[in-house]
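Visitor: Pasting the sequence and the predicted model now:
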Amino acid sequence: QRQKRKSLVPRETQVKSVELFSHLPQFDHKPLEKSFQSLLFSGLHPEVVKLGQAYANLSISGANARCLAMLAIFKLVIEDYNTPPGKVLTRDLTNHINIIIQFLIDCRPLAVTMGNAIRFFKTKIGAIHPSTPDMEAKKFLVDEIDQFIQDKILDASNVIADVASAKIQDGDVVLTYAFSTSVLRTLQAAHERGTRFRVIVIDSRPHFEGKKLVQRLCFMGVSCTYAYITSLAYILPQVTTVFLGAASALANGTVVSRVGTAAVAATANAFNIPVVVCCETYKFSHRVQLDAITHNELGDPDALCEVKNRPDVNDLRNWNDLQNLRLLNLRYDAVQDKYITMIATEVGMIPASSVPVILREYNTGPSLL
């Protein structure tokens, strides 16, 4: 059995955890904030510490953004790396990267996209011959990372935008939830093609990510309506198609996305409205998940106590002092495949049940997913 890596940040036992979710890593950023300074002096690359802080405070969020930021740091670390005397690059660099990965996990659990990118990167490190000069090996790794970003993220997103935007016709009313870069590019592609449509952005607390999407769409000249998730059932009768983003798509067809997505997909299905999920294939995972309990991520419970621009809403301000009260802030939902009409990928439109087929094809192909 693989030995569990030791955390770089000491964790305190959480007293006020929700019992049903006590098996998940509990949200606690107090020891993390104290450790940032000491980790800088321990030899950890300063840019890695900055990235960890950005993950922790959610200034970098979203599956694609987090993966791109991590790969950019890997490139920076490679360029600054020199193999110590008596060491082999493949082993020493892998150990060096493992420490960085563990720190990023301490700041926030890895996304599926990051896990797949790390596996790809480590495979490329292992492919380097021990006799290869450092400069040549480093150039090879940087080029491979650039190629991965171009093929799996940037080009894939552009192809998805072309494939999914073809489903938007003149006069359509498109509904989406929160913010997704893939959905944004899809709507942008449809707008640039001259299609006249309207977008309804559904949003929810505590992050209100949909405001960012509305701002960008309005800047492009797309007609938008902004509403909270509580009004979803009243808005859906006028909607023709629902477009959703995804954090990952699992082998049993389940799609994992930000919390609230399952409610949107299930309600749309009840109204017989097609639900299209925009998801790059590098987000596909062999993991199987039937619910959002066994595997999830916990957010800051204090975020549920505050309402932006409403200082008068403070009933839960001292929730920590109430012995029998627990607050639960889940980050992800698990959307069952029966609520998903199609998944738009760079290999075309596929049903959710075809996710394992794509995974199998990639595993037997020349490159890893």
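Guide: Perfect, thanks for sending it.

Visitor: Residue 155 versus residue 16, what's the distance?
Guide: Computed as CB to CB, to the nearest Å, the residue 16 to residue 155 distance reads 46 Å. Any C-beta I mention is one placed from the backbone N, CA and C, and that applies to glycine too.

Visitor: who's in contact with the one residue sitting closest to the centre of the chain?
Guide: The residue lying closest to the centre of the chain (CA atoms, centre = their mean) is residue 63, at 2.2 Å. With contacts defined as CB atoms under 8 Å, 6 or more residues apart in numbering, residue 63 is in contact with 111-113, 246-248, 283.

Visitor: Mind doing that once more with 7 Å?
Guide: 111, 113, 247, 283 (CB atoms under 7 Å, 6 or more residues apart in numbering).

Visitor: Name the nearest of those relative to residue 255.
Guide: Nearest to residue 255 among the contacts of residue 63, counting by CB to CB, is residue 247 at 8.3 Å.

Visitor: burial count for that closest one?
Guide: Neighbour count for residue 247, taken as other CB atoms under 10 Å: 24.

Visitor: same check, this time on residue 343
Guide: The tally of other residues near residue 343 (other CB under 10 Å) stands at 31.

Visitor: cool, and residue 298?
Guide: Considering only other CB under 10 Å, residue 298 is surrounded by 19 other residues.

Visitor: Ramachandran coordinates for the closest residue to it other than its chain neighbours?
Guide: Spatial nearest neighbour of residue 298, excluding adjacent residues (CB to CB, 6 or more residues apart in numbering): residue 27 at 4.6 Å. As for residue 27, its main-chain torsions (degrees, to the nearest 10) stand at phi -70, psi 120.

Visitor: and if you look at residue 101?
Guide: Backbone torsions of residue 101, given as degrees, to the nearest 10, read phi -60, psi -40.

Visitor: Check which helix or strand the closest residue to it other than its chain neighbours maps to.
Guide: Taking CB to CB, 6+ apart as the measure, residue 101 lies nearest to residue 118, with 6.3 Å between them; neighbours along the chain are not counted. Following DSSP states H and E, the helix or strand that holds residue 118 is helix 112-126.

Visitor: ok, now residue 50?
Guide: helix 46-56.

Visitor: Run the angle between that helix and helix 112-126 for me.
Guide: Following axes from the mean of the first three to the mean of the last three CA atoms, to 10 degrees, one obtains 160 degrees for the angle between helix 46-56 and helix 112-126.

Visitor: From the contact counts, what lies against helix 46-56?
Guide: Applying 3 or more CB pairs under 7 Å, 6 or more residues apart in numbering; DSSP states H and E, we find helix 46-56 packed against helix 30-41, helix 63-80, helix 89-107.

Visitor: Relative to residue 348, which of those helices is closest?
Guide: Where the helices and strands packed on helix 46-56 are weighed against each other on CB to CB, the nearest is helix 63-80, at 19.8 Å.

Visitor: Only alpha carbons, please: show the closest one as CSV.
Guide: Coordinates of the C-alpha atoms in helix 63-80 are reproduced here as CSV (Å, rounded to 0.1, in the frame of the first residue of the first chain):
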residue,chain,number,x,y,z
ALA,A,63,-10.9,23.4,-12.9
ASN,A,64,-9.2,24.9,-15.9
ALA,A,65,-7.8,28.0,-14.2
ARG,A,66,-6.3,25.9,-11.3
CYS,A,67,-4.7,23.4,-13.7
LEU,A,68,-3.2,26.2,-15.9
ALA,A,69,-1.8,28.0,-12.9
MET,A,70,-0.2,24.8,-11.6
LEU,A,71,1.4,23.9,-14.9
ALA,A,72,2.8,27.4,-15.2
ILE,A,73,4.4,26.9,-11.8
PHE,A,74,5.8,23.6,-12.9
LYS,A,75,7.4,25.3,-15.8
LEU,A,76,8.9,27.9,-13.6
VAL,A,77,10.2,25.3,-11.1
ILE,A,78,11.8,23.3,-14.0
GLU,A,79,13.6,26.3,-15.3
ASP,A,80,15.0,27.1,-11.9
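
Visitor: Residue 225 reaches residue 203, doesn't it?
Guide: No - in this structure, residue 225 is not within contact of residue 203 by CB atoms under 7 Å, at 11.1 Å.

Visitor: who has more neighbours, these two?
Guide: Set side by side, residue 225 and residue 203 give different neighbour counts by other CB under 10 Å, the larger being at residue 203 (21 against 14).

Visitor: can you give me phi and psi for that one?
Guide: phi -140, psi 170.

Visitor: again with residue 250
Guide: Comment: the main-chain dihedrals of residue 250 come out as phi -100, psi 170, following degrees, to the nearest 10.

Visitor: Please name the residues that touch it.
Guide: Taking CB under 7 Å, 6+ apart as the contact definition, residue 250 lies against 256, 285, 287-289, 355.

Visitor: and if you look at residue 202?
Guide: The contact partners of residue 202, taken as CB under 7 Å, 6+ apart, are 175, 177, 210, 227, 229, 232, 264.

Visitor: Among those residues, which are located in helices?
Guide: 210, 232, 264 (DSSP state H).

Visitor: Could you look up the next helix or strand downstream of the helix holding residue 118?
Guide: Tracing the chain past helix 112-126, the next element assigned as helix or strand by DSSP H and E is helix 134-148.

Visitor: how distant is the helix or strand just after that next one from the center of its chain?
Guide: The C-terminal neighbour of helix 134-148 among helices and strands, as given by DSSP H and E, is helix 155-165. The offset between the C-alpha centroid of helix 155-165 and the centroid of the whole chain comes to 18 Å, using CA atoms, centre = their mean, to the nearest Å.

Visitor: Which elements pack onto helix 155-165?
Guide: Using 3+ CB pairs under 7 Å, 6+ apart as the contact criterion, the neighbours of helix 155-165 among helices and strands are helix 181-192, strand 275-278, strand 342-345.
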